[in-house]
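Q: got a sequence here, can you build the structure:
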Amino acid sequence: MNLPSCPIQNLQVSARLRISEFTWQDAADLARMHQNPRVRELLMDDLPLDTTNAAQRFIDGMQRFYRQHEGTGIWRAERAIAPDAESVAQARQAYAEGEIHETLLALVEAPTWQFCGWFSLVHLMDAPDALEIGARLSPDAWGAALALDGGEWLLNQAFQTLKREQVFGHCSPRNRSAAHCLRVLGFERVGLAPYNGQQAERFSLSRARWQQWGTLPRRERQRQALAAAKAGR
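A: Numbers count the residues shown, from 1 in each chain. Sure thing, here's the model as predicted:
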């Protein structure tokens, strides 16, 4: 399927998450994230990206990948950082008293955006026609539902934009957080499968299930995901 070249830049996926293509300016952030042992502990493909030179080579390759395989890739993620509450209160008071214009107030109230990792939609190495989703986030971004926000965008990309009928997900058998996230997104456990020379938990999601699953409130999806985990599904 040939798609028009359309770089993804500062795409706001949710109120707290933005997605962009990687550029050379991201090399230091990418290397810094991979220097954190908590990030690398449960990775199934621990590429040596902990130096700026290695990160730059990765980014160079990814920039070519974006244009060669439109609609897929590994994208940088940014999370919204709320402004200081005291500064906002002062700005609102100044606006009410006519000391500043609405434009300046909006600038003070706007969040800043901070690099927090990546989201991926790429082809499986052992099945080039199949796609899998993935995420890699800095520890300070864990537990904020960013993985679900980004995962939902990836699935929209796979099923709506690329018109795929099935998508896969993989994680370490010890990574219960990743498995839970995949289940909340609608994936069902297939079992253990070879992955980058290791054994990974493989999950699968069909277009039909994704369409049905997406009609449920996220809280209900989380409830069913917990039940599926207890049942070993």
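
Q: residue 119 versus residue 154, what's the distance?
A: 6 Å (Cβ to Cβ, to the nearest Å). The C-beta positions use only the backbone N, C-alpha and C, and glycine is treated the same way.

Q: name the residues contacting each of these two.
A: Contact criterion Cβ atoms under 8 Å, 6 or more residues apart in numbering; residues shared by residue 154 and residue 119: residue 133.

Q: let me see the ranges of the helices in this structure.
A: 27-34, 37-40, 52-68, 85-96, 102-109, 146-156, 176-184, 207-213, 218-230 (DSSP state H).

Q: which of the ones you listed has the highest mean neighbour count?
A: Comparing the helices of the chain by mean neighbour count (mean count of other Cβ atoms under 10 Å), helix 146-156 comes out on top with a mean of 22.

Q: does anything pack onto that helix? Which helices or strands?
A: Judged by 3 or more Cβ pairs under 8 Å, 6 or more residues apart in numbering; DSSP states H and E, helix 146-156 is in contact with strand 11-14, strand 17-21, strand 73-81, strand 112-124, strand 127-137, helix 176-184.

Q: could I get these as TSV with distance to residue 222 and mean pLDDT?
A: Output for the helices and strands packed on helix 146-156, formatted as TSV (distance: least, Cβ to Cβ, whole Å; pLDDT from 0 to 100):
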stretch	distance to residue 222	mean pLDDT
strand 11-14	16	93
strand 17-21	18	97
strand 73-81	20	96
strand 112-124	20	96
strand 127-137	17	92
helix 176-184	5	95
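
Q: out of the helices of the chain, which comes closest to residue 139?
A: The closest of these to residue 139 is helix 37-40. By Cβ to Cβ, the value is 5.0 Å.
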